[in-house]
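Enquirer: pasting the sequence and the predicted coordinates here, then a few questions.
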Amino acid sequence: MPHSALRSPLARVSALVLTTAGLLVLGLPTSSALASYRYRRVRTSDYDECTADLIGRGAAEAVAATACASAFHPREVSRCVAGIGGGETLVVSDVLSACRSVRRPEDLAQCFNQIVGDDETANLSSVLSHCRRSLLPNEFANCVVGIKNGSTLTTDRALATCIDAVDTPGRVVQ
C-alpha cells in the first residue's frame, strides 16, 4: 500500500506541521523582495518641482518637461542637475543629458562634486563624462581622488586609469 506511511499518527502530525509551515511561508509579505530601498510613490509635486527646477536652471520648457516625464524618479534628475556645480563652463543641457542617462542621478552628482572638490582645475566636461560612464560612480570618485592624491598623476590621467580599472565585471558583481 503506497499510503500506509501516513497511517501512523506521527507521520500524519509531521505532514500537517510541514504543510502548515510551508503555507505560512508562502503567505508572508514579499515587499522587501519586490521593492528596493529607493521605491516610493511618485506624486504630482515631484513632476512639478522637477520641471520648475530645470526651467529655473536654464533648460528649455520642452526639454525640462520631457526629462521629468521620462524619469522614474523626477526629483532625482532635478537634484542631480542642481547638485552639479559647473558655473558657466558646463551647459545645462549637457548636465541634464548626463543626469538622465544614469541609473542613480544623485550618485553622478556626488561623483562629480567629489572629484572637482579635490581639483578645482579639472576639466569639468571630462569629469562629468567619466562619472556618467562609470557603473559605480562613488567608487570611481574614490579611485580618482585616491590615485591622484597618492601619486603625481593629473586628474585627467587618474580619470582614464580608474575608468579602465573600476568597471571590470568581477568588481561590479561584488
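Expert: Alright, I've got the coordinates.
Enquirer: quick check: domain ranges of the protein?
Expert: According to automatic domain parsing, the chain comprises the domains 40-101, 104-174.
Enquirer: do you know which of those domains lies nearest residue 26?
Expert: domain 40-101 (26.7 Å; CB to CB). Every C-beta, even on glycine, is put in place using the N, C-alpha and C of the backbone.
Enquirer: now do the contacts for residue 164.
Expert: Contact partners of residue 164, counting by CB atoms under 8 Å, 6 or more residues apart in numbering, are absent.
Enquirer: look up how far residue 90 lies from it.
Expert: Here residue 164 is placed at a distance of 24 Å from residue 90 (CB to CB, to the nearest Å).
Enquirer: with residue 138 instead?
Expert: Remark: distance between residue 138 and residue 90 (CB to CB) = 20 Å.
Enquirer: off-centre distance for the lengthiest helix in the chain?
Expert: When every helix of the chain is counted residue by residue (DSSP state H), the longest turns out to be helix 9-27. Taking CA atoms, centre = their mean, to the nearest Å, one finds helix 9-27 lying 42 Å from the centre of the chain it belongs to.
Enquirer: residue 138 and residue 90: who's more crowded?
Expert: Higher neighbour count among residue 138 and residue 90: residue 90, with 18 against 15, using other CB atoms under 10 Å.
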